[in-house]
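A.B. asks: Sequence and computational prediction follow.
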Amino acid sequence: MIPRKAFVVKGTGVHKDRLASFELALRDGGIEKFNLVTVSSILPPNCEVVSKEEGLAELSPGQIVYCVMARNQTDEPRRQIAAAIGNAVPVKSKDYGYISEHHSFGEDERTAGIYAEDLAATMLATTLGVEFDADSAWEEREQVYKASGHIFDTTHYCQCAQGDENGLWTTVVVAMVFVI
């Protein structure tokens, strides 16, 4: 059972109940009607990343669906929350890639997204034996990774929100959803 396609969704939900806030974030992302099973961080070989619309068209309500999910919640007024997924794809389609999840407070979309992208690329680079200076800035490491000839592409997806001003639960989710 190896996924052949994957797609990304993002969503935000606000509600007085924590679980209902999560449900609303899933609805905003379009994946509330599935039985979601979270898995770890491997992008299978030859797995095509497709549009949300194309991926959803292949799924049915009630289906057990695997995904890598980043999720964050707060009930603190105006507290900044972020959920991000990074993706690193190897040059050789027969090799697996990495998907990272990042959940943070106080970070904007760019900061949280770049952190997640860096994490995925670093995990893939270390697996492939790419040598790099772990203390260098992401932009420098990104060039080293891509120049190594092993990493084809890195991307990130992020959802940020500020906690509801009245203290309602605010939830953000980002998920890479797999189609088997």
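C.D. replies: Good, I have the coordinates.

A.B. asks: pLDDT at residue 58, what is it?
C.D. replies: For residue 58, the pLDDT comes out at 97.

A.B. asks: Contact partners for the closest residue to it other than its chain neighbours?
C.D. replies: Using CB to CB, 6 or more residues apart in numbering and skipping residues adjacent in sequence, the residue nearest residue 58 is residue 179, 4.9 Å away. For the C-beta atoms, the positions are set from N, CA and C on the backbone; glycine is no exception. Contacts here follow CB atoms under 8 Å, 6 or more residues apart in numbering; on that basis residue 179 touches 3, 4, 5, 6, 7, 50, 55, 58, 59.

A.B. asks: out of those, which are inside strands?
C.D. replies: 5, 6, 7 (DSSP state E).

A.B. asks: Relative to residue 86, how far out is residue 122?
C.D. replies: 9 Å (CB to CB, to the nearest Å).

A.B. asks: Same drill for the two, tell me which one is more crowded.
C.D. replies: Using other CB atoms under 10 Å as the criterion, residue 122 and residue 86 rank with residue 86 on top: 30 against 21.

A.B. asks: Can you tell me the strand partners of the strand or helix carrying that one and which way each runs?
C.D. replies: Taking DSSP states H and E as the criterion, residue 86 maps to strand 80-90. Each strand paired with strand 80-90, and its direction, by DSSP bridges: strand 97-105 (antiparallel), strand 151-162 (antiparallel).

A.B. asks: Mean pLDDT added to those, as JSON lines?
C.D. replies: Output for the strands paired with strand 80-90, formatted as JSON lines (pLDDT from 0 to 100):
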{"stretch": "strand 97-105", "mean pLDDT": "97"}
{"stretch": "strand 151-162", "mean pLDDT": "91"}
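
A.B. asks: Go through those and name the closest to residue 132.
C.D. replies: Shortest distance between residue 132 and the strands paired with strand 80-90, using CB to CB, is found for strand 151-162: 10.9 Å.

A.B. asks: Go through the contacts of residue 179 and say which is closest to residue 100.
C.D. replies: Proximity of the contacts of residue 179 to residue 100 was ranked by CB to CB; the top entry is residue 6 with 14.0 Å.
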